[in-house]
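In: 3D model of this:
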Amino acid sequence: RNDRGGSASTGNGRFDLSGPDTSLVPIDRAPRNLPYFEAHAEALERYYRAQSYGGVDLQVDVWPRDTTLPYSVSDMADFGPWVFGPEIYRSAVHMFRTFILAADSQSVEMTDRIPWDTYDEVCIIHAGSDLQSDLANDSAEDIPSFTIGTSDSVRVILHNVAAPGDSVIIDRAAIIPETINQDGYYGAINGVLAHECGHLLFGFADLYNTETGIPKVGYFSLMDSGNLTGAPVKLANGEIIFATGLLPPSIDPFQRSFIMEAEIQEPVYGDTLAYVNSERVPDIRFVPISTDEYLMLENRYMAPAAEVVLDQDPATRVILGPKSPDQFEYDALLPSDDNGRGGGLLIWHIDQSVIPFERSLRTNPDFGVNSNSFLPGMSVIEADALMHLGDLGSPVLEGSYRDPWYVGNNAVLGDSTRPPLVAHTG
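Out: Just a heads-up that it's a prediction; the model follows:
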């Protein structure tokens, strides 16, 4: 509720409830109140319904139900500055516990207690922007976006929730900002909300290198750089800005398979197959290449950019998802050529000996999927063979329209092609 740190954090320590001011950039603009967050909840529900082919039906409630009176804690400065290192977990636990206990006690004071026992997971939205959006590196008290899980000794236990004597345990939550607009750059929280809820709701793993933050599969999975896909936005005055997070792309097929009911098929040797677009139909195949390794193939066809229209909430202008050509076109903002065309067959190389399962033999010390750049657990075989994904010297380190396989680019993968098909075991 206070902001003694001043410019050390974005905003003034309170949710921006001003407006609406139609002269402002129309990307997650204020007021950021109950209808605003309910619209983002609907966008999240739509996204995971599409990603699971209808198998996941999220039911999201936003608290408090008062449109202008959010729960509050003391001051942003009491939780920062944030420095990544061994002490950050202790700081995150302190903030997590403070936020949950404040929300519970204040909901009781409002005589409208949160029914914690009716929810599976909790997502905490805080005022201001997040540390990841501090591109000017001048607001160290901005809270980072992350998902936290706690040990038994520091989890929150709430008593007498539904009935006298009962208790509800809360041991994890996603932490999300009200906006990522900061430092003259703009974005919607759709991407970061979908990404962190992937961790929170389904246990999805990050696919960037968690030691360095460098992308590995880039925009091609929500769980790498996918939450940063964006597009030019033309303002009323004719100015054009670039905004990120508008439309989170699909989840990689490996982790997406956890939330879909269809079985992934292995092709029969010698078959000729037609792949249906994986955004709409669960047509994903796997091809074993060693005991622990296999390929996953999916058709990530993209509708031409000129045909894509986004659906916005009429009151808040929050982007709810794709509208045209249909509600499944979440890959619309992936890399495309100068004519707005992109997509094709994506070929994923999966090494289950690295992915941190209970019986995996080559897991990384930090249990990251891709924290060993020489032995990734999940990667994209780039059709153009340029190996630019994650290359800090490349202008397309997060993905190129030439990474998918298609006629006119590259259509053949084998032992002697460029790039070659090579298992990590040789």
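
In: any idea where the helices of this protein begin and end?
Out: 34-51, 88-109, 190-202, 253-256 (DSSP state H).

In: Just grab the bridge partners of the residue nearest to residue 411 when sequence neighbours are not counted for me.
Out: Here the nearest residue to residue 411 in space, its sequence neighbours aside, is residue 405; by CB to CB, 6 or more residues apart in numbering that works out to 6.1 Å. (Glycine included, C-beta is placed from N, CA and C.) Here residue 405 shows beta-bridge partners residue 345, assigned using DSSP bridges.

In: give the contact list for residue 405.
Out: By CB atoms under 8 Å, 6 or more residues apart in numbering, residue 405 lies in contact with 344-347, 383, 411, 413.

In: Kindly reformat the helices of the chain as a markdown table containing distance to residue 351.
Out: Output for the helices of the chain, formatted as a markdown table (distance: least, CB to CB, whole Å):
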| stretch | distance to residue 351 |
| --- | --- |
| helix 34-51 | 23 |
| helix 88-109 | 28 |
| helix 190-202 | 21 |
| helix 253-256 | 11 |
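
In: which stretch among the ones you listed comes nearest residue 324?
Out: helix 34-51 (14.4 Å; CB to CB).

In: got the angle between that closest one and helix 190-202?
Out: For helix 34-51 against helix 190-202, the angle between stretch directions is 60 degrees (axes from the mean of the first three to the mean of the last three CA atoms, to 10 degrees).

In: what's the distance between the residue nearest to residue 411 and residue 412?
Out: 8 Å (CB to CB, to the nearest Å).

In: phi, psi of the residue lying closest to residue 135 once chain neighbours are set aside?
Out: Take residue 135 and drop its neighbours on the chain: the residue closest to it by CB to CB, 6+ apart is residue 183, 4.9 Å away. Per-residue torsions, residue 183: phi 60, psi 30 (degrees, to the nearest 10).

In: re the thing from before, turn the helices of the chain into CSV, including mean pLDDT, distance to residue 298 and mean neighbour count.
Out: As requested, the helices of the chain are exported to CSV (pLDDT from 0 to 100; distance: least, CB to CB, whole Å; neighbours: other CB atoms under 10 Å):
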stretch, mean pLDDT, distance to residue 298, mean neighbour count
helix 34-51, 97, 13, 21
helix 88-109, 95, 35, 16
helix 190-202, 98, 18, 23
helix 253-256, 96, 5, 23
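
In: Ends of stretch 277-289, what's the gap?
Out: 24 Å (CA to CA, to the nearest Å).

In: ok, residues contacting it?
Out: 50, 53, 250, 253, 256-257, 260-262, 264-267, 273, 275-276, 294-301, 326, 328-331, 350, 421, 423.

In: got it, and stretch 321-333?
Out: Against stretch 321-333 from outside (CB under 8 Å, 6+ apart): 43, 46-47, 50-51, 229-231, 246-250, 279-280, 300, 302-303, 305, 307-311, 343.

In: Quick check on those: which are buried?
Out: For those, a neighbour count by 16 or more other CB atoms under 10 Å gives the buried set as 43, 46-47, 50-51, 229-230, 246-250, 279, 300, 302-303, 308, 310-311, 343.

In: Mind checking which of those residues are in strands?
Out: With DSSP state E as the criterion, strands contain 230, 310-311 from among those.

In: related to what we said a few turns ago, per-residue confidence, the residue nearest to residue 411, what does it come out as?
Out: Here, the pLDDT recorded for residue 405 equals 96.

In: Give the burial count for residue 60, as a bare number.
Out: 16 (other CB atoms under 10 Å).

In: Sorry, wrong one. I was asking about residue 83.
Out: Neighbour tally, residue 83, other CB under 10 Å: 11.

In: Enumerate every residue touching it.
Out: residue 140.

In: any idea how far residue 175 is from it?
Out: 16 Å.

In: Ok, residue 114 next?
Out: 17 Å.

In: Can you report how many residues lie near residue 295?
Out: For residue 295, using other CB under 10 Å, the count is 16.

In: List the single closest residue to it in space, sequence neighbours excluded.
Out: Using CB to CB, 6+ apart, the nearest residue to residue 295 is residue 287, at 4.3 Å.

In: what does the model give the one you found for pLDDT?
Out: 95.

In: gap between it and residue 293?
Out: Taken as CB to CB, the span from residue 287 to residue 293 is 10 Å.

In: When those two are compared, which one has more neighbours?
Out: Taking neighbours as other CB under 10 Å, residue 287 and residue 293 compare with residue 293 leading, 19 against 15.

In: okay but the more buried one is in contact with residue 352, surely?
Out: Yes: contact between residue 293 and residue 352 holds when scored by CB atoms under 8 Å: they sit 7.3 Å apart.

In: can you pull out the strands in this protein?
Out: 123-126, 146-149, 156-159, 167-170, 172-177, 186-187, 230-234, 240-244, 285-288, 293-299, 309-312, 319-324, 345-351, 378-380.

In: Can I get those strands in a markdown table including distance to residue 196?
Out: Listed next are these as a markdown table, based on distance: least, CB to CB, whole Å:
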| stretch | distance to residue 196 |
| --- | --- |
| strand 123-126 | 7 |
| strand 146-149 | 5 |
| strand 156-159 | 19 |
| strand 167-170 | 16 |
| strand 172-177 | 4 |
| strand 186-187 | 14 |
| strand 230-234 | 18 |
| strand 240-244 | 15 |
| strand 285-288 | 28 |
| strand 293-299 | 24 |
| strand 309-312 | 21 |
| strand 319-324 | 17 |
| strand 345-351 | 23 |
| strand 378-380 | 19 |
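
In: Nearest to residue 337, out of those strands?
Out: Of the strands of the chain, the one closest to residue 337 (CB to CB) turns out to be strand 230-234, at 14.7 Å.

In: I'd like the distance between the residue lying closest to residue 404 once chain neighbours are set aside and residue 80.
Out: Computed as CB to CB, 6+ apart, the closest residue to residue 404 that is not its neighbour in sequence is residue 344, at 3.1 Å. With distances taken as CB to CB, residue 344 is found 44 Å from residue 80.

In: ok, those two, which is more surrounded?
Out: Remark: of residue 344 and residue 80, residue 344 carries more neighbours, 23 against 20, as counted by other CB under 10 Å.

In: can you list the weak-confidence ranges in the stretch 1-150 of the chain?
Out: Counting by pLDDT under 70, the stretch 1-150 of the chain has low-confidence residues at 1-2.

In: ok, for residue 114, nearest residue in space, not its chain neighbours?
Out: residue 107 (4.7 Å).

In: isn't the one you found right next to residue 71, touching?
Out: Yes: with contacts counted by CB under 8 Å, residue 107 reaches residue 71, the gap being 7.2 Å.
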